[in-house]
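>>> need a structure here:
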Amino acid sequence: MSTLRALQRLDEYLKVRVEELRELKRRGKKIIGYLPGGFMPEELVYACDAIPVQLIRGGDPEPVAISAGYVPRFLDTFCRSQIGYKILGGEPLYELIDLLVVPVTDNNIRAVADCWNYYTKVEVFRYGVPHVKDDLAFDYYLEGLRSLKEKLENFTGNKVEENKLKKAIELSNRMRALFRRISSLRQSPQPPITGKDFIKLNHASSYADNGVMLEILESVLSELEKKEVHLGSPPPRVLLTGSTLAMGDYKVVDLLEGNGAQVVIEYFDEGLRDYWQHIEMSGDLLKDLAESYFRKKVPAAYFRPSRERLDFILKLAKEFQVDGIVWYQLMYRDGVDIQSYRFSRMLNDELRIPILKLQSDWDVAGEVGQFRTRIETFVQMISRRK
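Residues are numbered from 1 along each chain as shown. Presented below is the predicted three-dimensional model:
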């Protein structure tokens with residue numbers, strides 16, 4: 001268990017959050033599930049007096065295996081799992097969803113939408129996400145948000161009023177700012193929070209009440225700023241990046257930090273809340289959301305050109321002074337796989353930092369042993385270099 005009191009309180013709160021959501025649902029609140037990727041503005045859901053829940057559970061082999069009866073094996077592991085969790089049942093958050101919102105980014109995500117739509121009773125709403133950032137693509141995404149706003153209003157029976165949307169944006173901006181401040185503390189030679197604690201804190205924000213989450217983040221920040229730094233040999237510093245870091249898929253983080261390294265920064269297309277951007281409110285709030293969630297957002301690996309994402313990861317590597325990078329991706333995420341080869345060359349040319357690439361299909365029995373050997377060797381290597 002974490003030594004931070006605020007994180008211990010968060011753990012206790014999360015134990016009752018599902019029952020809290022059930023009670024809110026019984027009272028008539030709508031629970032809006034959505035798939036990760038950073039293209040679904042939670043602010044619109046809050047402005048409709050509904051509850052957003054990001055579906056990011058992962059790491060278990062059973063849901064991946066059961067999905068084989070519904071979709072081809074060569075779809076992304078995470079997306080197969082989102083189908084499997086719903087088919088298997090027993091995952092409380094997935095059972096509470098009234099409406100599933102799917103920003104369609106590629107065929108992997110589309111398959112999740114199709115299966116939920118065909119095999120379950122949950123209503124599914126889709127809108128498209130282009131892979132470029134020109135003006136036509138921006139207008140297309142903005143129209144998608146307008147359609148989403150209309151759908152949420154009709155589904156919940158509540159209008160998205162400007163004052164409610166503004167308040168929701170202000171709350172989300174506060175949350176992202178707190179995550180940025182907590183994360184920036186890890187630039188210290190002796191980071192006051194472990195990588196796993198930060199990742200679990202981020203994952204908790206995907207379904208915790210936003211008021212509770214803000215209080216927890218403020219308390220965590222206060223504790224960390226007062227925390228005494230223990231002098232000694234600092235651990236080797238690792239940047240963790242790749243395709244998806246799901247809630248429950250902590251084996252790589254555990255192996256890295258269990259072998260003496262520390263994950264000081266991470267960047268993934270899916271699974272973690274994107275806390276880097278701040279929404280500037282200029283008057284047209286829907287357009288402001290589109291600017292932040294699409295135009296200003298660090299693009300995913302499938303965007304073109306792809307250099308913007310890779311430059312951002314390199315920037316993080318410099319700012320957090322990492323000694324090594326672990327590129328952790330899931331099977332059949334082809335765009336990320338292709339990008340990893342280009343990134344390795346860029347890393348060698350520009351920073352001369354070692355990189356370890358790991359690929360997973362959430363096959364716990366077959367992967368953990370080889371991951372342990374490769375990570376132990378990698379940590380020893382970057383420790384010697386350090």
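>>> what number of residues lie near the closest residue to residue 303 other than its chain neighbours?
Spatial nearest neighbour of residue 303, chain neighbours left out: residue 131 (5.2 Å); criterion: C-beta to C-beta, 6 or more residues apart in numbering. Glycine gets a C-beta too; all of them are placed from N, C-alpha and C. Neighbourhood size, residue 131 [other C-beta atoms under 10 Å]: 15.
>>> what do you get for residue 109?
By other C-beta under 10 Å, neighbour count at residue 109 equals 24.
>>> From residue 36, how far out is it?
The gap separating residue 109 from residue 36 is 9 Å, by C-beta to C-beta, to the nearest Å.
>>> Residue 172 too?
For residue 172 relative to residue 36 (C-beta to C-beta), the value is 16 Å.
>>> Those two: who's more crowded?
Between residue 172 and residue 36, residue 36 has the larger neighbour count (other C-beta under 10 Å), namely 25 against 22.
>>> pLDDT at the residue nearest to the more buried one when sequence neighbours are not counted, what is it?
Of all residues not flanking residue 36 in the chain, residue 270 sits nearest, at 4.4 Å (C-beta to C-beta, 6+ apart). pLDDT recorded at residue 270 is 95.
>>> Return the set of residues that bridge with residue 270.
Per DSSP bridges, the residues bridged to residue 270 are residue 244.
>>> pretty sure it contacts residue 242?
No: checked against C-beta atoms under 8 Å, the pair residue 270 and residue 242 is beyond contact range at 9.6 Å.
>>> Give the phi and psi angles for the spatially most central residue of the chain, as a check.
By C-alpha atoms, centre = their mean, the chain has its centre lying nearest to residue 272, at 1.8 Å. Main-chain dihedrals, residue 272, degrees, to the nearest 10: phi -100, psi 140.
>>> The residue lying closest to it once chain neighbours are set aside: how many residues sit nearby?
Nearest residue to residue 272 in three dimensions, chain neighbours excluded: residue 202, at 5.1 Å (C-beta to C-beta, 6+ apart). Applying other C-beta under 10 Å, we find 21 residues neighbouring residue 202.
>>> now swap in the one 5 residues further on and tell me
Under the neighbour criterion other C-beta under 10 Å, residue 207 is assigned a count of 24.
>>> Work out for me the element it sits within.
Counting by DSSP states H and E, no helix or strand carries residue 207.
>>> Leaving out chain neighbours, which residue sits closest to it?
residue 53 is the one closest to residue 207 (C-beta to C-beta, 6+ apart), at 4.8 Å.
>>> How about residue 20?
residue 209 (7.5 Å).
>>> does the one you found really touch residue 24, like I thought?
No: Residue 209 lies out of contact with residue 24 (C-beta under 8 Å); the separation is 9.4 Å.
>>> what's stretch 56-73 in contact with?
By C-beta atoms under 8 Å, 6 or more residues apart in numbering, the surrounding residues in contact with stretch 56-73 are 36, 75, 77-85, 87-88, 91, 93-94, 111, 115, 119, 203, 206, 244, 246-251, 270-271, 361-365.
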